[in-house]
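K.L.:
Below are the sequence and a predicted model for it; my questions follow.
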2 protein chains.
Amino acid sequence: MTADARELAAGVFEGDRRAVARAITRVEAEGPSAASMVRAVHGRTGRGYLVGVTGAPGVGKSTLVDRLTGVLRSRGRTVGIVAVDPSSPFSGGAVLGDRVRMQAHAGDDGVFVRSMASRGRLGGLSRATADAVLVLDAAGFDVIVIETVGVGQAEVEISRAADVTLVVTMPGGGDGVQALKAGVMEIADVFVVNKADHAGADRTAAEIEAVLRLNEYGPADWRPPVLRTRASEGGGVEEVAGAVDRFRARGGDGAARRRRARVQARVRELVSRRFLEHAEHAALEPGGFDRVVDEVADTVIDPYTAAERILDLAVRGAAAGARGPGSRREAG
Amino acid sequence: MTADARELAAGVFEGDRRAVARAITRVEAEGPSAASMVRAVHGRTGRGYLVGVTGAPGVGKSTLVDRLTGVLRSRGRTVGIVAVDPSSPFSGGAVLGDRVRMQAHAGDDGVFVRSMASRGRLGGLSRATADAVLVLDAAGFDVIVIETVGVGQAEVEISRAADVTLVVTMPGGGDGVQALKAGVMEIADVFVVNKADHAGADRTAAEIEAVLRLNEYGPADWRPPVLRTRASEGGGVEEVAGAVDRFRARGGDGAARRRRARVQARVRELVSRRFLEHAEHAALEPGGFDRVVDEVADTVIDPYTAAERILDLAVRGAAAGARGPGSRREAG
């Protein structure tokens, strides 16, 4: 942990908005500054409630999140929002998105919005999102919303990292439920059919409920409610906030188990990334990793044999006392 | 490599459909049978041309792939299809999907379709897909289509694993391009605006072309064409096949570099997975990994410190000669 990360963390703990913004910028970067920042704030995390909101593009997630934020604010709770939305290339990207969205809560220190752009760095997005959530948690926000667009694996994983997950859909000729692929049905704690004034809302809600009856998704003590909203006018949003509260208020160790699974996934991901760095840059002789890859590309060996060979070399290299992972220390 | 994997591989090399189906079932499973199967077929891979097709649900990808298959067949080429489409819970899932789709090419030994269901096993899907492609490649299919639904990170990564990537969209009130998030724009070698008879097709195509003019995506020697299709009637599909051929026929080392990047990603993923197994089940004392995770969950230590500690232990554990990764040999 570096001195300036500690200083920045002190600002974060006081809820200083510029410090929060700068700390998130640090965790967005790849490399030692992210680790340093997380080290500095981690001791103060674990108090915020993480609400994941996911769904296909165009269903009205952002509007719903804005309205939900309004409801939570009216109940005296502070809200941090991480919007994982790469944005259309037309819109000017995430920065403009932040500015537009902040206007709804302009001048309200109890709301902080940050968009994370995936452009060109898809790989690190889930790590950066998780770390940005830690910063907002350490800054003392009561509720932290993680808004992800799309219904792919990454979105599922990001929203699985929440304490409660809302899946948002909208009516539309069967597409509403068709678009809710199996992986997404399974992660929803609360379903929201937005644009409920559109034709087909009843059918969409009924279809989701039919799927829920046929399957056993989620915690045993919770049947996911299917709520209807007209987020653009605020309709039904109080009920969404109520469902989140009920989910949170359940007894049992479900919440703790979910939190532990989230932490485990984090640690696994970091271990695997650090080990790959070790294998590629320290343990094998220079170019050694690349040569093994070349052999696979030339179908001389298969990828599984290649992986075993690299694993043996990277661990035995350390056994010879040459350069273990511990010898590479954080520079920044 | 086990004896029965070798026997199955012999059937795959002969293009025996039942052997191909059984070999793919093996690589779909987690564990040593997948590795064994890939080991047995890998030496015969590297000849098929991999065509990735991705896009949001409902744009007509499957229909396009079916029609494209027809065009390729009329040119004498054999086609293997891996459809990564978890399917709606209503449709009966991937198995029914296979049966319905196979009917279009029933009795044609030059076409093989396999759907990969993601249900409950999102994590291993990209590995299983890559291995299924290897099986079809070893079976001698000239073209292997990898069809993925959605526009999330996983889909992007899966289709990036192809030699050429088609991104399919459709007209629709601005949503067409809005839905093409930055990460997807960047991976497209060919854009297809399907349902081109719908209102707004011109605008959607023009918007994509505008984005392409403003950005430099993809290989320097290739500007992605924006093609219009009416896949349900076959309109424009010949042109799509033509664009794929032109992309393939380009000179330079682009194709080799892409293949190498794909192999590298494969090897990295396998190394990291094997190392995690080693760390969790062999290198640390029993329960050691879990205890570190618990400390992070209790915010006693941060995830980065935890990862470093595990890395040190897992590599040093092997240094002490106790149980290195090489001591665990494939059982099957």
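P.N.:
It's in.
K.L.:
which regions of the stretch 201-332 of chain A lie under the pLDDT threshold?
P.N.:
Across the stretch 201-332 of chain A, the ranges flagged by pLDDT under 70 are A:218, A:316-332.
K.L.:
same thing but 90
P.N.:
A:203-204, A:207-223, A:250-259, A:261-262, A:265-266, A:269-270, A:273-274, A:277-288, A:312-332 (pLDDT under 90).
K.L.:
quick one: the helices in it?
P.N.:
Counting by DSSP state H, counting those that start in this stretch, the stretch 201-332 of chain A has helices at residues A:201-214, A:237-249, A:254-278, A:288-297, A:303-319.
K.L.:
Tell me which helix or strand comes right after the helix or strand encompassing A:Ser126.
P.N.:
Assigned by DSSP states H and E, A:Ser126 belongs to helix A:125-138. Downstream of helix A:125-138, the next assigned helix or strand under DSSP H and E is strand A:143-149.
K.L.:
where does that next one sit relative to the chain's centre, distance-wise?
P.N.:
Computed by C-alpha atoms, centre = their mean, to the nearest Å, the chain-centroid distance of strand A:143-149 equals 7 Å.
K.L.:
again, but for stretch A:295-302
P.N.:
For stretch A:295-302, the distance to the chain centre is 36 Å (C-alpha atoms, centre = their mean).
K.L.:
Can it be said to contact chain B?
P.N.:
Yes. Applying C-beta under 8 Å from any C-beta of the partner chain, one finds stretch A:295-302 in contact with chain B at A:296-297, A:299, A:301-302. C-beta coordinates here come from the backbone N, C-alpha and C atoms, glycine included.
K.L.:
Compare these and tell me which has the most neighbours.
P.N.:
Most neighbours among these, by other C-beta atoms under 10 Å in any protein chain shown: A:Val296, with 25 neighbours.
K.L.:
which stretches of the stretch 1-150 of chain A have low pLDDT?
P.N.:
Checking the stretch 1-150 of chain A against pLDDT under 90 turns up A:1-3, A:28-33, A:54-62, A:83-108, A:115-130, A:147-150.
K.L.:
Find the closest residue to chain B in it.
P.N.:
A:His42 (3.6 Å; C-beta to the nearest C-beta).
K.L.:
Counting neighbours, what do you get for that residue?
P.N.:
25.
K.L.:
a helix runs through it, doesn't it?
P.N.:
Yes. With DSSP: H, G, I helix; E, B strand; the rest coil as the criterion, A:His42 is assigned to a helix.
K.L.:
Could you measure from the nearest residue to it once chain neighbours are set aside over to A:Met37?
P.N.:
Among residues not flanking A:His42 along the chain, B:Asp302 sits closest, at 3.6 Å (C-beta to C-beta, 6 or more residues apart in numbering or on different chains). From B:Asp302 over to A:Met37 the distance is 10 Å, taken as C-beta to C-beta, to the nearest Å.
K.L.:
One more: A:Leu284?
P.N.:
30 Å.
K.L.:
which one of the two has more residues nearby?
P.N.:
A:Met37 (33 against 19).
K.L.:
which residues touch the more buried one?
P.N.:
Applying C-beta atoms under 8 Å, 6 or more residues apart in numbering or on different chains to A:Met37 gives the contacts A:5, A:8-9, A:23, A:26-27, A:131, A:135.
K.L.:
how does it look with 10 Å?
P.N.:
A:1-2, A:4-6, A:8-9, A:12, A:22-29, A:131-132, A:134-135, A:138, B:302, B:304 (C-beta atoms under 10 Å, 6 or more residues apart in numbering or on different chains).
K.L.:
measure it to A:Val12 for me?
P.N.:
9 Å.
K.L.:
Quickly list what's touching both of the two.
P.N.:
The contact lists of A:Met37 and A:Val12 share A:5, A:22-24, A:134-135, A:138, where a contact means C-beta under 10 Å, 6+ apart.
K.L.:
Compute the inter-axis angle for the helix holding A:Ser126 and helix A:254-278.
P.N.:
130 degrees (axes from the mean of the first three to the mean of the last three C-alpha atoms, to 10 degrees).
K.L.:
How about helix A:125-138 and chain B, touching?
P.N.:
Yes. Part of helix A:125-138 sits near chain B under the criterion C-beta under 10 Å from any C-beta of the partner chain, namely A:125-127, A:130-131, A:134, A:137-138.
K.L.:
And for stretch A:16-32?
P.N.:
Yes. For stretch A:16-32 and chain B, the contact criterion (C-beta under 10 Å from any C-beta) is met by A:Pro32.
K.L.:
Could you pull out the buried residues of that stretch?
P.N.:
Within stretch A:16-32, the residues that count as buried by 16 or more other C-beta atoms under 10 Å in any protein chain shown are A:19-20, A:22-24, A:26-28, A:32.
K.L.:
Identify the farthest-apart pair in those residues.
P.N.:
Greatest spacing in the buried residues of stretch A:16-32, by C-beta to C-beta: A:Val20 and A:Pro32 (20.3 Å).
K.L.:
Just want the phi and psi numbers for the residue nearest to A:His42.
P.N.:
phi -90, psi 160 (degrees, to the nearest 10).
K.L.:
How many residues are close by A:Thr229?
P.N.:
Neighbours around A:Thr229, by other C-beta under 10 Å: 27.
K.L.:
likewise A:Ser36?
P.N.:
22.
K.L.:
hmm, back to that, let me have the buried residues of stretch A:16-32 in a markdown table, adding secondary structure as columns.
P.N.:
Putting the buried residues of stretch A:16-32 into a markdown table (three-state DSSP) gives the following:
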| residue | secondary structure |
| --- | --- |
| A:Ala19 | helix |
| A:Val20 | helix |
| A:Arg22 | helix |
| A:Ala23 | helix |
| A:Ile24 | helix |
| A:Arg26 | helix |
| A:Val27 | helix |
| A:Glu28 | helix |
| A:Pro32 | helix |
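K.L.:
closest to B:Gly80 among those?
P.N.:
Out of the buried residues of stretch A:16-32, the member with the shortest distance to B:Gly80 (by C-beta to C-beta) is A:Glu28, at 40.2 Å.
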